[in-house]
Structures are given as C-alpha cells and as structure tokens.
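need coordinates for the below:
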Amino acid sequence: MTDAMLQIEDLHVEVEGREILRGVNLTINKGEIHAIMGPNGSGKSTLAYVLTGRPGYEVTQGRVLYQGDDILDLAPDERAKKGIFLAFQYPTEVPGVSVVNFLRTAYNAVHPDEQKSAMAFRMYLQEKIDLLEIPTELVDRYVNQGFSGGEKKRNEILQMAVLGPQLAVMDETDSGLDIDALKHVSAGVNKLAGPDVGIVLITHYQRLLNYIRPHYVHVLMAGRIVKSGGFELAERLEAEGYAGIGKEMGLSEEDLAEVQDKEGAKV
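Next up is the predicted model:
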C-alpha cells in the first residue's frame, strides 16, 4: 500500500497568459519534508498557490492528486477541509478580529463535524500555545496588526497547530526573520512534523534547512524541477548558486540569463 499523499503530474500553469510552471512532477509521501528551492520568478509561490486553490492561476495541463483524488476543481475552503494548509510569505493583517476568534472560526470551518464552544476551544488553543511556547497574550491581539515579522510567522505556525493539517505548504516562512525568530519558528514546525504529515518548504536559502532538515531538496528553475537530492544539494546551491545547477542540467541560454539577472549568480 502506498503512502503517497500528494502527486503532481506534468503540471503546467499560466498567469495572465504567461506560462509560469512548465511541467512540474513531484510526489510527497506521509511523514516527508520536501524543500523547494529556486530563484525569484521560478514558480515556487505559483506552485504553492495552485496547490491551495488561489484564484487567478490557470492550470493548462497536468493533475494534482491529493490522497488519490484530483483536487484542481476544488475551492480553497474545500481543500482546507481535506487537510491542506498554506503558511503565507506575507501574512495579512485583520484589524478588529482577535487571533483567538480568528482561529476558532477557522477551526470550526475546517472541522465542521467537530465544532468547539468558546470555552472548549480556548482550552484546546492553550495546549497548542504551550506546545509551541508562544506568549499567551499574542492570541488576544488583532490578527497580525502591529506584529513583528517573527510574531506573524509564529502566529502562522500556531494556526497550523490548531488546524492540524495533513499537508502543510510553507511559502518562504523564513522571509524577514532574524536568527532568533527563525529558530523559534523552525522549532514549532519540527514539533508539528510527524509520520502522518507532509510538509513542503519553499525557500531561497539554505539557512531555514539548517533548522528544519528536509528529506528531499528540489531545485525549481524555469518552471520545472530540474534536480532533486538530499540536504547536500541545498549546501551545493549555497556554495555555487542556481546558475551553476541550471547549466549542469542543460537549461537554455535564455533561461540561464534570466537566472543570472534575478539572482546575480555566475554561470
């Protein structure tokens, strides 16, 4: 019996008529952590948004199977109910709505058969707060309003803990974090990882992977995965840059020039 949780097959995606993903193939099994690395504009965030159902992304070819079912026709809330979660690169502020009320609403929406009263949810939330070692007063503030970069990302991890997804897609969670915040956020992700959870880490840099060690690293360039490996691949990218990998994998001169322009790398 296969443990495959997510299967992406020959995925092509356009945004406003421009092809961004050009044939992505990827399989993620239960309990695995996969890192997707690539330069700006390579399609990393596009992949995250397509998996979670954000409007405006047109799939022109391919399939995305989650637990054996094609999910491309499902709305974002339907995917969330199936256990798919997205941690945003830039979490949105929600003035006037406290974190605790936001999280309870999200929990009840994602788990319609497990509705919790305000008191029961507060007890459940406190368990997650204690697990992640997050200041309790954070949940009484308005969602992300006046939050530091680290607080926003810790709030995302708290949301992940509360919702209990089976597939977590984390879009550049390390963006804008100093080293202390990065350690706190990474520790939270590691506590939530487990044999029944698949995690996709989208990042530019190796530093996140020093704290959340992936089972697999994939290089996404020119709209497709050009190379996969273990942690050593992330170390090589840090040392050589993306253009070196692109040249090795036979990217066109046009694609290589685009990588150099965006990342300042040397072929």
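
ok, which stretches of the stretch 51-200 of the chain are strands?
58-66, 69-70, 84-87, 94-98, 142-143, 167-171, 198-203 (DSSP state E, counting those that start in this stretch).

let's have those strands in a markdown table, adding mean pLDDT and mean neighbour count.
From N, CA and C alone the C-beta is placed, and that goes for glycine too. Putting those into a markdown table (pLDDT from 0 to 100; neighbours: other Cβ atoms under 10 Å) gives the following:
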| stretch | mean pLDDT | mean neighbour count |
| --- | --- | --- |
| strand 58-66 | 97 | 16 |
| strand 69-70 | 94 | 10 |
| strand 84-87 | 95 | 24 |
| strand 94-98 | 94 | 12 |
| strand 142-143 | 95 | 19 |
| strand 167-171 | 96 | 24 |
| strand 198-203 | 96 | 24 |
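
would you turn these into TSV with distance to Phe121?
Putting the strands of the stretch 51-200 of the chain into TSV (distance: least, Cβ to Cβ, whole Å) gives the following:
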stretch	distance to Phe121
strand 58-66	27
strand 69-70	29
strand 84-87	18
strand 94-98	12
strand 142-143	16
strand 167-171	21
strand 198-203	25
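
ok, which of these comes nearest Asp77?
strand 84-87 (10.4 Å; Cβ to Cβ).

tell me the pLDDT of the nearest residue to Val100 once chain neighbours are set aside.
In this structure, Val100 finds its nearest non-sequential neighbour in Val139, 4.4 Å apart by Cβ to Cβ, 6 or more residues apart in numbering. The per-residue pLDDT reported for Val139 equals 94.

just want the most central residue of the chain.
When Cα atoms, centre = their mean is applied to the chain, the residue found nearest the centroid is Met170 (1.9 Å).

for that one, list each beta-bridge partner.
Counting by DSSP bridges, Met170 forms beta bridges with Ala87, Leu201.

check contacts around it.
86-87, 189, 199-202 (Cβ atoms under 8 Å, 6 or more residues apart in numbering).

returning to what we had before: Ile33: which of the strands of the stretch 51-200 of the chain is closest?
strand 198-203 (4.5 Å).

now the element after the closest one, going C-ward?
Downstream of strand 198-203, the next assigned helix or strand under DSSP states H and E is strand 216-221.

list the helices and strands the helix or strand that that next one is followed by packs on?
Once strand 216-221 ends, the next helix or strand along the chain (criterion: DSSP H and E) is strand 224-229. Packing contacts for strand 224-229, counted by 3 or more Cβ pairs under 8 Å, 6 or more residues apart in numbering; DSSP states H and E, involve strand 18-29, strand 216-221, helix 242-248.

sheet partners, orientation included, of strand 224-229?
strand 216-221 (antiparallel).

relative to strand 18-29, how tilted is the partner strand?
170 degrees (axes from the mean of the first three to the mean of the last three Cα atoms, to 10 degrees).

next one: strand 216-221 to chain centre, how far?
Chain-centre distance of strand 216-221: 14 Å, with Cα atoms, centre = their mean, to the nearest Å.

repeat that for stretch 63-82.
Per Cα atoms, centre = their mean, the centroid offset for stretch 63-82 relative to its chain is 16 Å.

excluding chain neighbours, give the residue nearest to Ser45 in space.
Per Cβ to Cβ, 6+ apart, closest to Ser45 is Asp171, 5.6 Å.
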